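Enquirer: generate a structure from the sequence data that follows.
(chains A, B, C and D)
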There are 2 protein chains.
Amino acid sequence: MSNHRPFAGALELLRAAKLRPTRQRLALAKLLFEKGDRHVTAEQLHDEAVGASIPVSLATIYNTLHQFVDARLLREVVVNPGRSYFDTNIADHHHFFFEETGKLMDIPSDKIEVRNLPQPPHGAIRRVDVVIRVAPKG
Amino acid sequence: MSNHRPFAGALELLRAAKLRPTRQRLALAKLLFEKGDRHVTAEQLHDEAVGASIPVSLATIYNTLHQFVDARLLREVVVNPGRSYFDTNIADHHHFFFEETGKLMDIPSDKIEVRNLPQPPHGAIRRVDVVIRVAPKG
DNA sequence: ATGTTAATTTAGAAATGTTCTAAAGTAGTA
DNA sequence: TACTACTTTAGAACATTTCTAAATTAACAT
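Expert: Numbering: from 1, shown residues only, chains lettered A, B, ... in the order given. Alright, predicted model coming up:
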């Protein structure tokens, strides 16, 4: 059978996030979280939803993605100017970014050692992002 | 304190990059490289140029920034969706990103230890970017 | 059930940042 | 001076994201 992590159930997820379980949010949560770790753009998710006969507007896709980020169900990853990726893996981890294809790949945090983090002059560290940019070999 | 390299002179810089030393490129090179390490957006540089009575169009700002990146005089840093920063520090280094103000601050590469970089499944590592995101203290 | 209310969704407009186009201007060369 | 290729430019076009105001829907009291 399937070998990705157990899916908590869209309804439980939304309830825990204190988001009203609307038709659209339930459907999007299923698309996002039933298939293991993913990196999607707003447009990709919209196409996927429409393709699965879930009529949902792009505005709702954006609303929902941001609500999910706020609720810590998703993480926004910025590697490219002018386009955001949303990552269903919310564990501490890093990324390969393949410049040729625009695809991201997770790197578990125990595969990279980042040490001696300097303290910022003010404020607190919210997150450390390591992006390994990969280009095709010459 | 400042570890910025001596400014080579806009003319020499452009010649070395095989870019014709036009009025606009000379002026922009001076703005960018005469003041030590900086992180500017296209719009900031445009405002600065116009403020210094250097009439230059935004299109030329973008053209020039990209030519400078291609010539390895600048590095493009992506930390925010929908806006690029251009960094005059082309040495190997990392960044604090202050979410509150949208400002970047360099971290010399010897201040952070990044070890055990995994190899990508294909292609070659072009660059490793470490971004420490800083939020104001609660 | 039904009605009420506040949250949500929506289409389309607007905003934002960047790139493109094609015409005018300029540097380099002879 | 004339020639040519490169550069600059204004403005249009583009891509992604956010906003707006009206319609819809979930939650809940009755």
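
Enquirer: buried set for stretch A:78-94?
Expert: Neighbour-count burial for stretch A:78-94, counted by 16 or more other CB atoms under 10 Å in any protein chain shown, picks out A:Val78, A:Val79, A:Asn80, A:Ser84, A:Tyr85, A:Phe86, A:Asp87, A:Thr88, A:Asn89, A:His93, A:His94. For the C-beta atoms, the positions are set from N, CA and C on the backbone; glycine is no exception.

Enquirer: which of those come close to chain B?
Expert: The subset of the buried residues of stretch A:78-94 within reach of chain B, counting by CB under 8 Å from any CB of the partner chain, consists of A:Val78, A:Val79, A:Asn80, A:Ser84.

Enquirer: need these in CSV (columns: pLDDT and secondary structure).
Expert: Output for these, formatted as CSV (pLDDT from 0 to 100; DSSP: H, G, I helix; E, B strand; the rest coil):
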residue, pLDDT, secondary structure
A:Val78, 96, strand
A:Val79, 96, strand
A:Asn80, 92, strand
A:Ser84, 97, strand
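
Enquirer: wait, which of the residues you listed is closest to DNA strand D?
Expert: Using CB to the nearest atom of the strand, A:Ser84 comes nearest to DNA strand D of those, at 3.6 Å.

Enquirer: ok, and does the lengthiest helix in chain A reach over to chain B?
Expert: Across chain A, the longest stretch assigned as helix under DSSP state H is helix A:58-70. No - for a cut-off given as CB under 8 Å from any CB, helix A:58-70 has no contacts with chain B; the smallest distance is 11.4 Å.

Enquirer: mind listing residues that contact that helix?
Expert: Residues outside helix A:58-70 that contact it (CB atoms under 8 Å, 6 or more residues apart in numbering or on different chains): A:17, A:19, A:24-25, A:28-29, A:32, A:42-43, A:45-46, A:49, A:74-76, A:86.

Enquirer: ok, stretch A:76-84 next?
Expert: With contact meaning CB under 8 Å, 6+ apart, stretch A:76-84 is reached by A:39, A:41-42, A:69, A:85-87, A:95, A:97, A:102, A:104, A:129, A:131, A:133, B:76, B:78-84.

Enquirer: show me which of the residues you listed neighbour DNA strand C.
Expert: Intersecting the contacts of stretch A:76-84 with the contacts of DNA strand C gives B:Gly82, B:Arg83, B:Ser84 (criterion: CB under 7 Å from any atom of the strand).

Enquirer: tell me what the second one is bridged to.
Expert: The bridge-partner assignment for B:Arg83, based on DSSP bridges, gives B:Asn80.
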